[in-house]
Each structure stands twice: as structure tokens, then as C-alpha cells.
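**Student:** what follows is a predicted structure for the sequence shown.
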Amino acid sequence: MVKEEGFVKQITPKSEDFSRWYVELIRRAELADYAPLKGMMVIRPYGYSIWENIQRLLDQRIKASGHQNAYFPLFIPESFLKKETEHLQGFSPEVAWVTQGGQEELEERLAVRPTSEAIIGYMYSKWIRSWRDLPVLINQWANIVRWEKVTRPFLRTTEFLWQEGHTAHETREEAEEETRLILEMYREFVETELAIPVIAGRKTEREKFAGAMETYSIEGLMSDGRALQMGTSHNLGQHFSRVFNIRFEDRQQQLQYVWQTSWGVSTRLVGALVMTHGDDSGLKFPPQVAPIQVVIVPISLGNWKEKVLPQAQKISSLLREQEMRVYLDAREEFTPGWKFSEWEMRGVPLRLEIGPRDVQNNQVVLVRRDNREKITVPLSEVVAKVHQVLTEIQKNLFHLAGQFQQENTCQTEDYQEFKEIIETKRGFLKAYWCGQTTCEEKIKEETQATIRVIPFGQPEGVATHKCLRCGAKAQWLVYFAKAY
RNA sequence: CGGGGAGUAGCGCAGCUUGGUUAGCGCGCCUGCCUUGGGAGCAGGAGGUCAUCGGUUCAAAUCCGGUCUCCCCGACCA
């Protein structure tokens, strides 16, 4: 174990200033850089690679559950957006408009999609005629524009990348089932691949998606004690089908409006990875989504190019044959020590060192990013061992994040104590709530904490408790937190 | 969108109060030698429309105004 200090220079320690640490790290690790436009960023190759891994792993799940990918237009005519007033009102402050094409003023303004319910709803009304056409299970990978006032790299940018699923069903029950199934898919995905434990549940009326009947979400707890919404799944009911006239003839030959859902996760997940796992030395990526899973650093001593490098290259190909993402850092202009620090900062889960001594002894040295443990491994066992250690790191990161979440989740029935905890420790706060929006809003005003989620699996006897703020009969046990 | 802070070499900063030769420093970068198992050393070198536009002045990084961008704290959101 080596002291953290001195490993990474020029990055503000996480404990000292979390926000600075976050933005400095993202730029130094080359995940992203600011574009010369307000609130816009460039996702650089190293950062985009994470998104590609997220896409690949999530896309597999989306397709395995019967959905297909498609692509809808970037622009939405204003009249389409206006049809659903609740939806429009929810988004209007953050819609970007196109008013001119070439030299000509457009007759109708075009919205740059803030989400695609409207245009997809319109298309569905053309495609759906009979119950035999249902369900429609479509997903699109796309970019979205929301004119946000306050932006932060990955967490909230004016343009971002996401996946949005839009489905249409015969019955309310089927739509509800889809909504819940997708939320569960998100939970499993985020916990398995990103190693981030989340709380799944239902959103309150106030936090619901504009135009939705129900919104479900998964919420993670970042290591500064603030909550981050990491994925949402909406049961849209018949709101949009009534507005866009998406009707079908049911099994009893009756005309019905379809029941719809929509759901998405975004490039925000990359920010969640940074904030959940990173430390003072830099990033710490779970192997499943790490751009580079193993970095091989040959120790450049003496005639290392003849003795050490070939061995390193051989190991590199062996690991690549196993579909591992490997980078052999044979650059001569940097010393091994420099490379160690650099790759730690950039979050590579496992480093493989090989020097003259190791070649002599037919071995390599593995060093874990998560706990800095050094493991000497005989050459013959390298592939198996690397595989095993990567699996352990993935598990360990999830375990550590889970521990953090537990340690930072409190429950209280005392409003004064609630305020203190939110003020000092932050984290998740479980508390009873009467179900009234007015109470929810007052708590937000007074403490800045919002109800992140009404978790599934409510405990017995909630009604015997009192609302945290008003003292009325409790309806739910909910998770409060300061949120991003 | 309100309140506060900032923009000088790739990065981190000094210089600005009190305008005046050639705008500095550390790291990084380039060349060479030498090194390399936790961010090596020496020597030489390159790199700047001082965010941007305008104003004041004989003279502006420095003074005044507009704009853009970033950071922090609030109201809104993936």
C-alpha cells in the first residue's frame, strides 16, 4: 500500500472540493472537454468508449426482451408538441427551436427534440390498426437537446445522448408490466455492469415525467452524499394515444386507445461512474465498462526491448484472444512509475507489470486499482488469473458502493434530526410521508431535500406512523435526498 | 434566470491596485545525453492576437463598457 498523496498531481482532492475534483478529473482523464458553446461538451474517445460499452451491454438486454431499434427525426413540428399541453408545459422552458431553413423563415417552428413522445406518437397512430399490431416495442439511440440553465459535464448538458424506448400495448396492465420490467432491467444493468447499487421505486406526483401516469426510477447515491436519478420508466397511460389518436380495434371489435410506456437512460451514467467509484487518485472503472480493462506496463530496464517487450506482446495477444480490452503501454518517453500513476488516474481496473526479473522467473505482477493489491502470477496462469481478478474487482466495487450507500442511509421520524442529517451528512434519508404534495414542497423549501423515490416493498404498518413534517397519518415510507 | 468568483503558453498560476523597454514562473512539450520496478537528472530550445469586441490614452494584460465561456450558491431539470 502506497500513500495516496503524490500519485496524481493537479487534481483537487475529492475530499477537499468534490465539484472541482469531478470536473478536473473528467478533463485530465480525457473523458470529455468543454465545447465553445454554453453547456455543451465533447465526449472524447476515452469517455465515448465507456458509452459504447454501456450501449452494447444495454442494447443486448433491450433486444433480448423483444424490443427493436429504430430512428425518428431530430425535429418535431411545434403543432405536434402543442397537442399534449401537460407534456409541452413540462418541457417548454427547455426546448430549442429552429425558425429558419437556409434563407427562408419557416412557416412552422421546429422543436429540437427534448424527448420523442410526440413524433413517435404521431407515427404510431399511422402504424397501429388492430390488436394484432400490438405490442409495439421500439427503442431508439439518439441525441436530445434540453436548454438547461445550469450544466455539468455528463450530469446535465444541453445536448446529451440517450436511449429512449417507446412501447404501445393493448391493456393498462400490459403497459404497467412493461414499465416495471424495464425498470428492473435498468436496475439489473446498472448494478451488474456499472457496479452501482440503486434504489428502485415510484416517483411522486411532483417528480413525475410531464404527461405520465406513473414514473418509476432508479436512484443512486453519489459519494458526496447526493442522489442521482439514473434511469426512468414511465407508464404513459392513454395520455398520448388520446392526443395523437392511436387507436386499435380490440379482440371484441371495439376501438380502443393504446396504452403506452417510455423509458430511458443517458450519458449521465458516465458521470455516475465517475462520482460513485472515483477517489483522490482518480477514476476507478468497473471492468465491465472500462475502456481499458488491463494495461500492460513493461519495465524498461537495460535491453528490455529484446527481453521484456516480446513477452509483454505475447501476453497482450493472449488476453485479447479472450476478448479482454488490453493496452500495452510501450511508450519510451514515459517511465514506468509515470505510467502507473497515469493509468490509475484514468481508472484502468488492472495493471500488469512485467520486467526483466519477471521474465527471468516466468511471472508477471498484477496490481489492482481498487485496493492496490499486488499479486505475483506464474506466466502459465496469467489469463485465468486476470480473468478472475477482474471479476473480483467488479464485485468489490459494487460491494464498496453498497457499503457506502448503507452507511449513508438513515431513517428518522424527527424533522429536526432530519434537517441536521441533510445539512451535515447528506445521503439517503428514509422517512414517513403523508402523501401530500404541499408537505413534500415545504420539506424541499426548508431542507432542499426532495423525495427521490417511493420504494417498492413498503414495510408493514406504515399507517401507524406519522408524516415527518405535518404529523398526519403516514401513507408511505420514502427516500429523501439532496439530488443532482 | 438571480447572487458571487474567474478567463494571461497545453495545464496550474504571478503581473493589473499606481498604464510605460523584450509579459514572467512551475509543470508539460521539442532536441541531445543519461536514466527507467511508484510521476528521474543535466544541457539547450520552441511555444502568447493577455477570452472577445469596442472605448479612453502619445501608450492598455493593466482603466471603462458590451459580449462569450467556466466555476460556486440558489429557482428549473436525465
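**Tutor:** Here it is on my side, so go on.

**Student:** how about residues contacting the helix or strand of chain A with the lowest mean pLDDT?
**Tutor:** None of the helices or strands of chain A scores lower by mean pLDDT, DSSP states H and E than helix A:85-91, at a mean of 81. The contact list for helix A:85-91 (C-beta atoms under 8 Å, 6 or more residues apart in numbering) reads A:L81, A:K82, A:P114, A:T115, A:E117, A:A118, A:R146, A:F209, A:A210, A:G211, A:H239, A:F240. Every C-beta, even on glycine, is put in place using the N, C-alpha and C of the backbone.

**Student:** state whether the fourth one is indeed within a strand.
**Tutor:** What it means is A:T115. No. The assignment for A:T115 (DSSP: H, G, I helix; E, B strand; the rest coil) gives coil, which keeps it out of a strand.

**Student:** residues of the stretch 51-200 of chain A that sit close to RNA strand B?
**Tutor:** Of all the residues in the stretch 51-200 of chain A, those in contact range of RNA strand B (C-beta under 7 Å from any atom of the strand) are A:90, A:93-94, A:146, A:148-153, A:155-158, A:160.

**Student:** pull the most distant pair out of those.
**Tutor:** A:G90 and A:P153 (24.7 Å; C-beta to C-beta).

**Student:** ok, the residues of the stretch 51-200 of chain A next to RNA strand B vs A:F404, which is closest?
**Tutor:** A:F404 has its nearest neighbour among those in A:L155, at 18.6 Å by C-beta to C-beta.

**Student:** which stretch of helix or strand covers the residue nearest to the closest one when sequence neighbours are not counted?
**Tutor:** In space, and not counting its chain neighbours, A:L155 is closest to A:G271: 4.4 Å by C-beta to C-beta, 6 or more residues apart in numbering. When secondary structure is defined by DSSP states H and E, A:G271 falls within helix A:268-277.

**Student:** and chain A, what are its domains?
**Tutor:** The record, using automatic domain parsing to delimit domains, assigns chain A the ranges A:18-277, A:292-388, A:410-481.

**Student:** low pLDDT regions in chain A?
**Tutor:** Applying pLDDT under 70 to chain A flags the ranges A:1-10.

**Student:** how about the contacts made by the most centrally placed residue in chain A?
**Tutor:** Within chain A, one residue has its C-alpha closest to the average C-alpha position: by C-alpha atoms, centre = their mean, that is A:L269, at 2.2 Å. Each residue near A:L269 by C-beta under 8 Å, 6+ apart is listed here: A:I54, A:V190, A:L194, A:M230, A:G231.

**Student:** from those residues, which single one is nearest RNA strand B?
**Tutor:** When the contacts of A:L269 are compared for distance to RNA strand B, the smallest value, 6.8 Å, is given by A:M230; criterion: C-beta to the nearest atom of the strand.

**Student:** burial measure for the closest one, as a count.
**Tutor:** For A:M230, the count of nearby residues is 24 (other C-beta atoms under 10 Å).

**Student:** part of a strand, is it?
**Tutor:** Yes. Looking at A:M230 with three-state DSSP, it is inside a strand.

**Student:** what separates it from A:K314, distance-wise?
**Tutor:** Look at A:M230 and A:K314: by C-beta to C-beta, to the nearest Å, they are 40 Å apart.

**Student:** repeat that for A:P45.
**Tutor:** In this structure, A:P45 lies at 27 Å from A:K314, with C-beta to C-beta as the measure.

**Student:** next step: the residues of the stretch 51-200 of chain A next to RNA strand B restricted to strands.
**Tutor:** A:F160 (DSSP state E).

**Student:** so among the residues of the stretch 51-200 of chain A next to RNA strand B, which ones count as buried?
**Tutor:** Under a neighbour-count criterion of 16 or more other C-beta atoms under 10 Å, the subset of these counted as buried comprises A:G90, A:R146, A:E148, A:T151, A:R152, A:P153, A:L155, A:R156, A:T157, A:T158, A:F160.

**Student:** in the stretch 151-300 of chain A, which spans are strands?
**Tutor:** Here the stretch 151-300 of chain A has its strands, by DSSP state E, counting those that start in this stretch, at A:159-169, A:198-202, A:214-221, A:227-237, A:247-249, A:255-257, A:259-266, A:283-284, A:294-298.

**Student:** on that earlier part again, among the domains of chain A, show me which one is buried the most.
**Tutor:** Among the domains of chain A, the stretch with the highest mean neighbour count (mean count of other C-beta atoms under 10 Å) is domain A:18-277, at a mean of 19.

**Student:** residue of the stretch 351-484 of chain A nearest RNA strand B, please.
**Tutor:** Nearest to RNA strand B in the stretch 351-484 of chain A, going by C-beta to the nearest atom of the strand, is A:G355, at a distance of 2.4 Å.

**Student:** check whether that residue really touches A:P298, as I assumed.
**Tutor:** Yes. Between A:G355 and A:P298 a contact is recorded at 7.2 Å, counting by C-beta atoms under 8 Å.
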